[in-house]
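S.K.: Sequence first, then the predicted structure:
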Amino acid sequence: METNTKYTQTDHLITKITAWIAGLIALALAVWGGITLSELYKYEDTNDAQVEEYINPVTSRVTGFIREIKYEENQEVKKGDTLLIIDNSEYQLQQEEGEAALSNAQAQIGVLESNVETTARISQASQSQIASVQAKLTRAQQDYDRYSKLFKVESATQQQLENSRAALDVATSEFRSAQENYQAALSKVNDIKAQKGVYQAEIKRRQALLNRSKLDVGYTVIRAPYNGKMGRRTIQQGQLIQAGQTLAYIVDQDAGKWVIANFKETQISHMHIGGIAEVTADAFPDHKFKGTIVSLSPATGARFSLLPPDNSTGNFVKIVQRIPVKVKLTESPETLAQLRAGMNANISIKKD
């Protein structure tokens, strides 16, 4: 009888403890359910989100063999750091050829300027000769007029008149020849000046070609366009690369990081630019990152796909569409350094 009473007290104690535990569990579930319902009422969330960064290719602008590689995989680089060097022997020769061609064109300008000066002096001499020949023509004209008058009064012979006429014709011819020589000298000066314009244009062309050659020489040294971190290395020293070929990828650390969250179309009615968001990455579930909405996609993600859906075929099944929302992470760069592009994330946006 005493044993049965003892067992009954033990069972009663166990039942009481079990009831308390069940009550605590029920209370905890109620609190959790209340918090969850409150969050569902105040927030829109999704786990269809990924961390993004600008990942840009590093390409070559010239063709050549790789002489030296200055970076390693996953190495942090600063803006202007040399990444690799391409053999520039051929481009250096092209630059030297361009410099020689430019010097030759400039020398031709010097020769033309000298010819202009020489021809100008010849034209001045021709102009002076015109004055001398004109004086001779005037004298010959006067002699002819005098002999003509003397011949009329029979004070001069026919031969004297003919001689004066011949001298006048010679002087006239010499005067015309001097004028033509002077005009020819002026025309030659103009021709040389026109040729000078052609050579000046040639100098500009040669200068442009030389500048292009210098650019090609400069392009043989590939530098980091901004502060960032290099990705996988797929090239080797001595490898032949082509202009436009992708050599590596660099992650831009100056542009910041953001999250692209694909919310259901039924969730975006309370979202707007500037809305507050909380982000947790699967890799760091205990840390919440702050962010703000910077843009909402103008169309669903499916509309930007290679083959957008067409619901006019007759076989229509309604599917809830997703709207990409861009959330800029506002934490300090040191805090965001642990996040990597492509990481999965969960995001909650407060309803307004």
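M.R.: Structure's in. What do you need?

S.K.: Which pLDDT value goes with R165?
M.R.: pLDDT recorded at R165 is 79.

S.K.: how about it, what does it touch?
M.R.: Y144 (C-beta atoms under 8 Å, 6 or more residues apart in numbering). C-beta: built from backbone N, CA, C; applies to glycine.

S.K.: Just the element for it, please.
M.R.: Using DSSP states H and E, R165 sits in helix 158-219.

S.K.: how far out from the middle of the chain is that helix?
M.R.: Computed by C-alpha atoms, centre = their mean, to the nearest Å, the chain-centroid distance of helix 158-219 equals 47 Å.

S.K.: after that helix, next one along is what?
M.R.: Downstream of helix 158-219, the next assigned helix or strand under DSSP H and E is strand 221-223.

S.K.: Report the buried residues of that next one.
M.R.: By 16 or more other C-beta atoms under 10 Å, the buried positions in strand 221-223 come out as I222.

S.K.: ok, F289 touching Q338?
M.R.: No - applying C-beta atoms under 8 Å as the test, F289 and Q338 come out as separate, 9.8 Å apart.

S.K.: Pick out whichever of those two has more residues nearby.
M.R.: F289 (23 against 12; other C-beta atoms under 10 Å).

S.K.: Can you classify Y226 by secondary structure?
M.R.: Per DSSP: H, G, I helix; E, B strand; the rest coil, the secondary structure class of Y226 is coil.

S.K.: And it, how far from D254?
M.R.: In this structure, Y226 and D254 are 5 Å apart, going by C-beta to C-beta, to the nearest Å.

S.K.: Compare these two (neighbour count), which wins?
M.R.: Using other C-beta under 10 Å, the more surrounded residue of Y226 and D254 is Y226, with 16 against 10.

S.K.: ok, the more buried one touching D81?
M.R.: No - Y226 is beyond contact range of D81, at 10.3 Å (criterion: C-beta under 8 Å).

S.K.: Run a quick neighbour tally on Y219.
M.R.: The number of residues packed near Y219 is 16, by other C-beta under 10 Å.

S.K.: Could you pull up the residues touching it?
M.R.: By C-beta under 8 Å, 6+ apart, the contact list for Y219 reads 60-62, 86.

S.K.: and of those, the nearest to Y147?
M.R.: V62 (86.5 Å; C-beta to C-beta).

S.K.: Tell me the secondary structure at that closest one.
M.R.: Under three-state DSSP, V62 comes out as coil.

S.K.: Can you give me the distance of the spatially closest residue to it that is not a sequence neighbour to G228?
M.R.: Ranked by C-beta to C-beta, 6 or more residues apart in numbering and with sequence neighbours excluded, the top spatial neighbour of V62 is Y219, at 4.6 Å. Taking C-beta to C-beta as the measure, Y219 falls 20 Å from G228.

S.K.: Same question for P324.
M.R.: Distance from P324 to G228, by C-beta to C-beta: 24 Å.

S.K.: Those two: which is more packed in?
M.R.: Neighbour totals were compared for P324 and G228, and G228 leads with 25 against 18 (other C-beta under 10 Å).
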